[in-house]
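Engineer: I'll drop the sequence and a predicted model, then ask my questions.
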Amino acid sequence: MAAHLEHLVCDRPASGSPIRGGQSEADAALAAFDVSGYASQRNQVHPEPARGASRLSPYIRHGLLSLPEVWDGVEGPERDVAKFRDELLWQEYARHFYARLGPRTRSALRADPAVRSDSPKQSEDGAEWQSALACVSVNVDELTETGWLVNQARMWLASHWTVRHRRAWSDGEDYFFRHLLDGSRAANRLGWQWTTGAGSNKSYGFSRWQVEKRAPGLCETCPLSERCPIHSKPDEPIRNLVPKSTLLTRDGQLERTSGPSETVTMKYGEVATRSNRPDVVWITAESLGFSDAALVSNPDLPVAFIFDEPLLGRLRLSAKRLIFLVETLAELATERPIEVHLGGPVEILAGRVPAVTFAPVPGFRRLSAQMAETVIHPWPWLAAPHDGPIQSFSAWRRYTDR
Ligand SMILES: Cc1cc2nc3c(=O)[nH]c(=O)nc-3n(C[C@H](O)[C@H](O)[C@H](O)COP(=O)(O)OP(=O)(O)OC[C@H]3O[C@@H](n4cnc5c(N)ncnc54)[C@H](O)[C@@H]3O)c2cc1C
């Protein structure tokens, strides 16, 4: 990290997150997860031992655990399993949504909460997030130190940032994205939009009673406890209506959204009938597991991972995120010869025929379309993408096969 990647990150932690990268860490986390009590405890924020959430998200985000594998891998009381699987479907919904709309997810929804005119611009060190409120500072500290938060704490911070303080939700989204080990444009953006009312008719109002319920004892440690500024719910923000994208109701390019259903050769983004044999497996940050389809199908090929320098230079993620990837690659290197590159993927893979697993994100489509030849393996969807309505989880769900 220090030698090769330090110029790409926004901070300098001495070490990575306590949530370590790697396939064996992912497998152990899934094996250790007990779903009993999940339905009632998943929103518990503090104390830590009372939390019911699985903390599997960093592994799911990077394909160390696929959603179908997690779906099948959890057994326990019916109510808890059903609730847990419902959350996996939210993740799948976020992926479908982002795969179809791409960058248009920023503005394709119903409304945008109005921003205060003197709202501070988000700085890289996140100084604007500092607060004397224990329910804010404890969670911001956890986010920046570990790169993870329970869903409820994410909602608290998002609501506090935008609904109460009228700051741009997209600035908050970017801050979370920099720090979350599971940070994805798909689920993070959806989470911010849903919480702040950009993606629904109503925002989530964060106030003291939720803290007393989900983090008992925290208010007693707060210097503002006696004059709590979040004693009552914030007002509903004024929202500016945004014209809806037609993609919310229909996908005219379903194959592009879902990727191939069987392995295909593509030349500059077009399906080719004649092909050369792949000579390298290209693994991406979306799919780093030992069960990655391209890895499994090509057991004798070398493996390449590329830290996309131009992209990372723009994103300026927290070092924790990159350390998580390095830990994952280090373990993979004990199984397969692996090249780790820094630069632009198109330039680095030029002259080679990479085998790669499709990733349902616009960046993958853009890069692979610039490559002379790629052998693309299908993405392991939990539910096959459909071309119908996607403007809400329930509308989307009606058309899925799950
Ligand atoms: C403002 C905000 C930002 C968010 N940013 C992200 C993000 O960048 N990446 C991300 O994966 N999730 C994000 N979420 C969704 C959710 O908070 C996390 O997936 C969850 O907290 C991860 O912890 P877990 O693995 O213990 O979840 P569990 O409760 O154990 O759930 C199991 C899995 O289901 C999925 N899941 C659970 N809840 C949701 C949800 N509401 N939306 C989508 N998938 C869900 C995740 O893959 C999760 O790992 C965000 C939510 C909000 C409100």
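Structural biologist: All right, it came through fine. Keep in mind that what you see is a predicted model, and the values were worked out from it rather than measured. Residues are numbered from 1 along each chain as shown.
Engineer: can you show me the strands along the protein?
Structural biologist: Along the chain, the segments classed as strands by DSSP state E run 111-113, 239-241, 264-267, 270-271, 280-283, 303-308, 338-343, 354-357, 374-377.
Engineer: which strands or helices does the first one pack on?
Structural biologist: Going back to what we said before, that points to strand 111-113. If you count contacts as 3 or more Cβ pairs under 8 Å, 6 or more residues apart in numbering; DSSP states H and E, strand 111-113 packs onto strand 239-241. (C-beta placed from N, C-alpha, C; glycine too.)
Engineer: the strand it packs on: partners in the sheet, and parallel or antiparallel?
Structural biologist: strand 111-113 (antiparallel) (DSSP bridges).
Engineer: give me the contact list for the partner strand.
Structural biologist: 162-163, 166, 169, 196-198, 203, 237-242 (Cβ atoms under 8 Å, 6 or more residues apart in numbering).
Engineer: can you give me the pLDDT of A14?
Structural biologist: Looking at A14, its pLDDT is 70.
Engineer: residues near it, how many?
Structural biologist: Residue neighbour count, defined by other Cβ atoms under 10 Å, stands at 5 for A14.
Engineer: and the one 3 residues further on, by the same measure?
Structural biologist: With neighbours defined by other Cβ under 10 Å, the count for S17 comes to 21.
Engineer: what does this structure have sitting close to the ligand?
Structural biologist: With Cβ under 6 Å from any ligand atom as the criterion, the chain comes near the ligand at residues 42, 53-57, 60-61, 87-88, 90-91, 94, 150-151, 154-155, 158, 176, 180, 182-184, 187-188, 191-192, 195.
Engineer: about what we covered before: out of the contacts of strand 111-113, which is most surrounded?
Structural biologist: Most neighbours among these, by other Cβ under 10 Å: T162, with 30 neighbours.
Engineer: got a list of what that one touches?
Structural biologist: Applying Cβ under 8 Å, 6+ apart, we find T162 in contact with 113, 168-169, 172, 192, 195-196, 203, 237.
Engineer: one more time with 10 Å, if that's ok
Structural biologist: When the contact criterion is Cβ atoms under 10 Å, 6 or more residues apart in numbering, the partners of T162 are 113-115, 119, 168-173, 192-193, 195-198, 203-204, 234, 237.
Engineer: list buried residues within the residues you listed.
Structural biologist: 113, 115, 119, 168-173, 192-193, 195-198, 203-204, 234, 237 (16 or more other Cβ atoms under 10 Å).
Engineer: in helices, which of those residues appear?
Structural biologist: If you go by DSSP state H, these have 169-173, 192-193, 195-196 in helices.
Engineer: residues near the closest residue to L312 other than its chain neighbours, how many?
Structural biologist: Distance criterion Cβ to Cβ, 6 or more residues apart in numbering; nearest residue to L312, sequence neighbours excluded, is L8 at 4.2 Å. Neighbour count of L8, defined by other Cβ under 10 Å: 21.
Engineer: wouldn't L8 be in contact with G343 here?
Structural biologist: No - counting by Cβ atoms under 10 Å, L8 does not reach G343; the two are 11.7 Å apart.
Engineer: how close does T257 sit to W156?
Structural biologist: 33 Å (Cβ to Cβ, to the nearest Å).
Engineer: which one's more surrounded, those two?
Structural biologist: W156 (26 against 23).
Engineer: look up the pLDDT of the closest residue to the ligand within the stretch 251-400 of the chain for me, please.
Structural biologist: Closest approach between the stretch 251-400 of the chain and the ligand, counting by Cβ to the nearest ligand atom: F393, at 9.0 Å. At F393, the pLDDT value in this model is 94.
Engineer: that one contacts A383, correct?
Structural biologist: No - assessed by Cβ under 10 Å, F393 is found out of contact with A383, at 11.9 Å.
Engineer: would you list the phi and psi of the spatially most central residue of the chain?
Structural biologist: Taking Cα atoms, centre = their mean as the criterion, S184 is the residue nearest the geometric centre of the chain, at 2.6 Å. In terms of degrees, to the nearest 10, the main-chain angles of S184 are phi -130, psi 150.
Engineer: residues in contact with Q44?
Structural biologist: Q44 touches 37, 50-53, 150, 152, 213-216, counting by Cβ under 10 Å, 6+ apart.
Engineer: give me the nearest residue to the closest residue to the ligand within the stretch 51-200 of the chain, chain neighbours excluded.
Structural biologist: Across the stretch 51-200 of the chain, no residue is closer to the ligand than G191, which sits at 2.4 Å (Cβ to the nearest ligand atom). In this structure, G191 finds its nearest non-sequential neighbour in R154, 5.9 Å apart by Cβ to Cβ, 6+ apart.
Engineer: and for D86, the neighbour number?
Structural biologist: 12.
Engineer: would you format the contacts of strand 111-113 as TSV with distance to G126 and pLDDT included?
Structural biologist: Below are the contacts of strand 111-113 laid out as TSV (distance: Cβ to Cβ, whole Å; pLDDT from 0 to 100):
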residue	distance to G126	pLDDT
T162	15	94
V163	19	94
R166	18	93
W169	15	92
T196	18	93
G197	23	89
A198	21	86
S203	22	93
P237	22	87
I238	26	86
R239	26	83
N240	26	82
L241	31	80
V242	27	78
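Engineer: out of these, which comes closest to R314?
Structural biologist: Lowest distance from R314 to the contacts of strand 111-113 (Cβ to Cβ) belongs to W169, with 19.8 Å.
Engineer: coming back round to it: okay if I get the contacts of Q44 as CSV plus neighbour count, distance to R106 and pLDDT?
Structural biologist: Formatted as CSV, the contacts of Q44 follow (neighbours: other Cβ atoms under 10 Å; distance: Cβ to Cβ, whole Å; pLDDT from 0 to 100):
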residue, neighbour count, distance to R106, pLDDT
G37, 15, 37, 98
A50, 13, 36, 96
R51, 17, 31, 98
G52, 19, 32, 98
A53, 21, 27, 98
V150, 23, 25, 98
Q152, 21, 25, 98
K213, 12, 33, 98
R214, 20, 30, 98
A215, 23, 31, 98
P216, 14, 37, 98
